[in-house]
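[1] How does the following fold in three dimensions:
(2 chains)
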Amino acid sequence: DQQVKQNSPSLSVQEGRISILNCDYTNSMFDYFLWYKKYPAEGPTFLISISSIKDKNEDGRFTVFLNKSAKHLSLHIVPSQPGDSAVYFCAAGGTSYGKLTFGQGTILTVHP
Amino acid sequence: EAQVTQNPRYLITVTGKKLTVTCSQNMNHEYMSWYRQDPGLGLRQIYYSMNVEVTDKGDVPEGYKVSRKEKRNFPLILESPSPNQTSLYFCASSLFVLPTADQPQHFGDGTRLSIL
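    Down below sits the predicted model:
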């Protein structure tokens, strides 16, 4: 069973606009969430994280929002840039778990 | 430079021929793990290790073995590879199980395995 789901396989956005990537989870024990970015022929790189005690975390152009009641998180990129074009994975974990669970990934394409 | 190094980067082999993918990190990280990436399925964890001599199964461990005899190395072993193990594999390491901005999880660049 897929405990972390990214239901949009791809997203296309114009440069300068907002990109919103979504992620849903089913396991109530998850209390820590992350977003990773992956370019072709490279491994994923850490982008931003959020603990369940918060509902928002910002880092420059990237903001992650967490809605615990809906078991939903989203990544906002404002403004989007062509260099943001990559695959984005969300991941979830918990202090009682020894591992992270990843979603399927969303391919973001930012057009100039 | 902080690095996770995987070898080989590419391998084409045949069913049943044992193979090992090596993984080494230079950051003195406690936590290491192996993932496979498949279209539509994202990254799925195969095995993880919290420290030397401590390993545990992830979500898709069948057909794989690992060992953690020393902190820096975490090889992935396919004793009898089969075509359904054709995939892109990533090794990762971090200081803690839950990475942070200050202590992120580092991934290798991947190993593409094709089992014929």
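
[2] Next one, pLDDT for the closest residue to B:Tyr89 other than its chain neighbours please.
    Of all residues beyond its chain neighbours, the one nearest B:Tyr89 is B:Thr111 (4.6 Å), with distances taken as C-beta to C-beta, 6 or more residues apart in numbering or on different chains. C-beta: built from backbone N, CA, C; applies to glycine. B:Thr111 is assigned 97 on the pLDDT scale.

[3] Which residues are in contact with B:Thr111?
    B:6-11, B:21, B:88-90 (C-beta atoms under 8 Å, 6 or more residues apart in numbering or on different chains).

[4] Give me the nearest residue to the closest residue to chain B within chain A, chain neighbours excluded.
    At 2.8 Å from chain B, A:Gly43 is the closest residue in chain A, using C-beta to the nearest C-beta. Once flanking residues are discounted, A:Gly43 sits nearest to B:Phe107: 2.8 Å by C-beta to C-beta, 6+ apart.

[5] for that neighbour, what are its contacts?
    A:43-45, B:4, B:90-92.

[6] Go again with 6 Å.
    Each residue near B:Phe107 by C-beta atoms under 6 Å, 6 or more residues apart in numbering or on different chains is listed here: A:43-44, B:90, B:92.

[7] again with B:Cys91
    B:4, B:6, B:23, B:34, B:108.

[8] Name the nearest of those residues relative to chain A.
    For those, the nearest to chain A is B:Gly108 (5.3 Å; C-beta to the nearest C-beta).

[9] Next one: A:Gly93 relative to B:Val97, how far apart?
    Note on A:Gly93: its distance to B:Val97, by C-beta to C-beta, to the nearest Å, is 7 Å.

[10] Comparing these two, which shows the higher neighbour count?
    A:Gly93 (23 against 19; other C-beta atoms under 10 Å in any protein chain shown).

[11] and the more buried one, bridged to which residues?
    A:Tyr32 (DSSP bridges).

[12] you'd agree it is up against A:Tyr32?
    Yes. Using C-beta atoms under 6 Å, A:Gly93 makes contact with A:Tyr32 at a distance of 4.9 Å.

[13] Between those two, which contacts overlap?
    B:Leu98.
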